[in-house]
Structures are given as C-alpha cells and as structure tokens.
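fold the following and give me the result.
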Amino acid sequence: MAVEGDIHTILAALVSNRCYALVAPESAARPYIVFQVISNPTLNDLDGDVGISNRRFQVDVWADTYGAAKALGKTAATSLTAAGHLKLGDNPDQRDAETKTFCASSDYSVWGES
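Reported below is the predicted structural model:
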C-alpha cells in the first residue's frame, strides 16, 4: 500500500487533495484525479517473491474543459516522472456526456514493495 500512498500524495498536491483511488465521489469538485492499479506483477527468483513489484497505474484527470484536462494531465506527468515513475503512454481521451466533463488518461510504471 505504500506505493499507492506515494502516488496519492504526489497527485493530491496538484488538485487541493481531490485525488481518489478507483472512483471519485459524485459530489467531487473539478478538477480531480482518479488513479488505479491496473496490473501488479511481482518479481520472483528461485526462492520465490523477492518483495518488489512493478505496478502499472492508470491516472485519469477530470476537468470542465478539454484544455484544462490536458494541461493538468501534463502537470501530473511531470510530477510523477520527477518522482522516478515511468510514463508508459496516454490512453484515449474521454468526454462524459452526462456531466459534460473531460478526461485525460495516462499509464505509469511504478516500482515498489509488493
């Protein structure tokens, strides 16, 4: 859980603590960030699990405009890569028709304790 806490700390600083694991509350003010682990392969040797893994995180930045989502996504990428996390690439951008909000999404590779 330490890795998830570190990711939350980095991202929460960008959005006045409006950073959520898995899903944001319906009442969340924008912009906000949602992150989730999308894979967590562990590193093993002949004796078994060595205690570290390479988690893959998806980071979704939600904002009222497309430009705001893209700009905050870029800031999130800068902050995460400065902390030593590798940006793997961008996912398709989204627009929620019901809330009329926009999302910029990216994946990151993060090494840490398993």
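
low pLDDT regions in the chain?
By pLDDT under 70, the low-scoring segments of the chain are 1.

any idea which residue sits dead centre in it?
Note on the chain: the residue nearest the mean C-alpha position is residue 59, at 2.5 Å, using CA atoms, centre = their mean.

is that one in a bridge, and if so with what?
residue 35, residue 106 (DSSP bridges).

gap between it and residue 70?
The gap separating residue 59 from residue 70 is 13 Å, by CB to CB, to the nearest Å. (Glycine included, C-beta is placed from N, CA and C.)

residues that sit against both of these two, list them.
Jointly contacting residue 59 and residue 70 under the rule CB atoms under 8 Å, 6 or more residues apart in numbering is no residue at all.

residue 76: what's it in contact with?
When contacts are taken as CB under 8 Å, 6+ apart, residue 76 is in contact with 11, 14, 33, 59, 61, 106.

switch to 7 Å and redo it
Applying CB atoms under 7 Å, 6 or more residues apart in numbering, we find residue 76 in contact with 11, 14, 33, 59, 61.

return the residues in contact with residue 42.
By CB under 7 Å, 6+ apart, the contact list for residue 42 reads 49, 53, 114.

so the first one lies in a strand, does it not?
Yes: under DSSP: H, G, I helix; E, B strand; the rest coil, residue 49 sits within a strand.

which residue ranges of this protein form helices?
Taking DSSP state H to define them, one finds helices in the chain at 2-12, 66-82.

nearest to residue 44, out of those?
Proximity to residue 44, assessed across the helices of the chain by CB to CB, is greatest for helix 2-12 (18.0 Å).

orientation of the closest one relative to helix 66-82 in degrees?
140 degrees (axes from the mean of the first three to the mean of the last three CA atoms, to 10 degrees).

and helix 2-12, what's buried?
By 16 or more other CB atoms under 10 Å, the buried positions in helix 2-12 come out as 3-4, 6-8, 10-11.

and the residues you listed as JSON lines, adding distance to residue 65?
Below are the buried residues of helix 2-12 laid out as JSON lines (distance: CB to CB, whole Å):
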{"residue": "3", "distance to residue 65": "31"}
{"residue": "4", "distance to residue 65": "29"}
{"residue": "6", "distance to residue 65": "29"}
{"residue": "7", "distance to residue 65": "25"}
{"residue": "8", "distance to residue 65": "25"}
{"residue": "10", "distance to residue 65": "23"}
{"residue": "11", "distance to residue 65": "19"}
